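> take a look and give me a structure for this.
(one chain, ligands or ions: 1)
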Amino acid sequence: MTFLDLRGITRRYGAVAALDGVDLAVPVGSRTAILGPSGSGKSTLLRIIAGFEAPDAGRVTLDGALVADGPAATPAHLRGIGLVAQDGALFPHLSIADNIGFGLPRRAPHRADRIAELMAMVELDPAMLRRRPDQLSGGQQQRVALARALARSPRLMLLDEPFSALDTGLRASTRKAVTALLEAAGITTILVTHDQAEALSFADQVAVMRSGRLLQAGTPRELYLRPRDSMIAEFLGDAIILPAQLAEGWADCALGRIAVDDRRHGPAQIMLRPEQLALADARDGAPGTRGEVAEIDFAGSVCTVTVRLPDGPAGAQRLLLRRPGLGLPAVGARVRITVQGEAHVFAGDP
Ligand SMILES: Nc1ncnc2c1ncn2[C@@H]1O[C@H](COP(=O)(O)OP(=O)(O)OP(=O)(O)O)[C@@H](O)[C@H]1O
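Have a look, this model is predicted:
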């Protein structure tokens, strides 16, 4: 069942079309990530969902109620939506307890119990209650911001790049903790990010935006393995994109004849993810495309191996493969490349 429905959302700032006819359905209890480069319209969309801004045109329906129909919109405080901003936006002069309890009535019965409960939910030590935000780490501050947003039991939680200021390790652990918490509470959540790995690991629906348009929405797996075009493919991770000639579920390309996920005929662009390519010693005599290792970028657990293929009709091809640091071939080694699984054929023109 759809909890939030966006239809034809359009918003202009002068000559800039920040949003240009965005449609998106967010299922109840789901986690949606809106992914896009800087300036693609992600924050504008989030502000329109939250009610801080109204669209010029388009409709926002929340839990069956129309909350925006063009510029006519229900104000933010009547929507029951929680928001965690990029920097947490805590009140620096208030204690952690007062930050978390900010939205709760001052004289509410059990106010202190509710604050303690929220602290426990986000796994913060009760000893921190009297501290001020600047006496907490970045990750702890983000948990306080989340507790404050949870205090009013929102129906929908909006997360605007809430992990971006945290360093890599803390970022992953905070994201995991937040995901588990929101899932346990059954709160429909939308995360805005420009980090593809974060979007893929957080969400059960990823929506990719560029220049105010929503290009494709689907499960992380669909977007990663079946992107609509090469731009989306490369935005979601490393991609090997090759010109090919298609026939009945097969493609002839620089890697020989390989299986594809499309039964069309004729020229097309196909895509493989680097992890679909396996390398072996070329001297083993088994079938597979031969190439030569041109370069190795050693980076520990994930290294990049550049393989040069023999000149073909499209000129010399270089493939980038990711490999663990152990057992790497040497530069100049002759290797045999085999493909695992099917290549993806882009829906658009070659
Ligand atoms: N208040 C405003 N006035 C004028 N232009 C704006 C305003 N807000 C956003 N824009 C423009 O609208 C476009 C979309 O901006 P938006 O902040 O939604 O993008 P974003 O994808 O969230 O970017 P980032 O990842 O950098 O935060 C940009 O070109 C931006 O300059």
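> grab the nearest non-local neighbour of residue 143.
Leaving aside its chain neighbours, residue 143 sits nearest to residue 122 (4.1 Å; criterion: C-beta to C-beta, 6 or more residues apart in numbering). Any C-beta I mention is one placed from the backbone N, CA and C, and that applies to glycine too.
> show me what from this protein comes close to the ligand.
If contact is defined as C-beta under 6 Å from any ligand atom, the residues of the chain in contact with the ligand are 13, 16, 18, 36, 38-44, 194.
> quick one, which of the residues you listed are buried?
In the residues of the chain next to the ligand, burial by neighbour count holds for 18, 36, 40-44, 194, counting by 16 or more other C-beta atoms under 10 Å.
> residue 59: which element?
Residue 59 belongs to strand 57-62 when assigned by DSSP states H and E.
> one step back: now go through the residues of the chain next to the ligand and say which are in strands.
Counting by DSSP state E, the members of these that fall within strands are 13, 16, 18.
> would you mind measuring from the second one to residue 40?
When distances are taken as C-beta to C-beta, to the nearest Å, residue 16 and residue 40 turn out to be 12 Å apart.
> what distance separates stretch 327-344 from the middle of the whole chain?
What separates the centre of stretch 327-344 from the centre of its chain is 29 Å, taken as C-alpha atoms, centre = their mean, to the nearest Å.
> now for the helix or strand containing residue 206, which elements pack on it?
Residue 206 is part of strand 205-210, with elements assigned from DSSP H and E. In terms of contact count using 3 or more C-beta pairs under 8 Å, 6 or more residues apart in numbering; DSSP states H and E, strand 205-210 is assigned the packing partners strand 16-27, strand 31-35, strand 213-218, helix 220-225, helix 230-235.
> can you give the contact residues for the fourth one?
Defining contact as C-beta atoms under 8 Å, 6 or more residues apart in numbering, one finds that helix 220-225 is touched by 199-201, 203-204, 206, 208, 216, 232, 236-237, 273, 344.
> buried subset of those, written for PyMOL?
For the buried members of the contacts of helix 220-225, the matching PyMOL selection, counting by 16+ other C-beta under 10 Å, is:
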select buried, resi 199+200+203+206+208+216+232+236+237+273+344
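> so which of the contacts of helix 220-225 is the closest to residue 158?
Lowest distance from residue 158 to the contacts of helix 220-225 (C-beta to C-beta) belongs to residue 203, with 13.5 Å.
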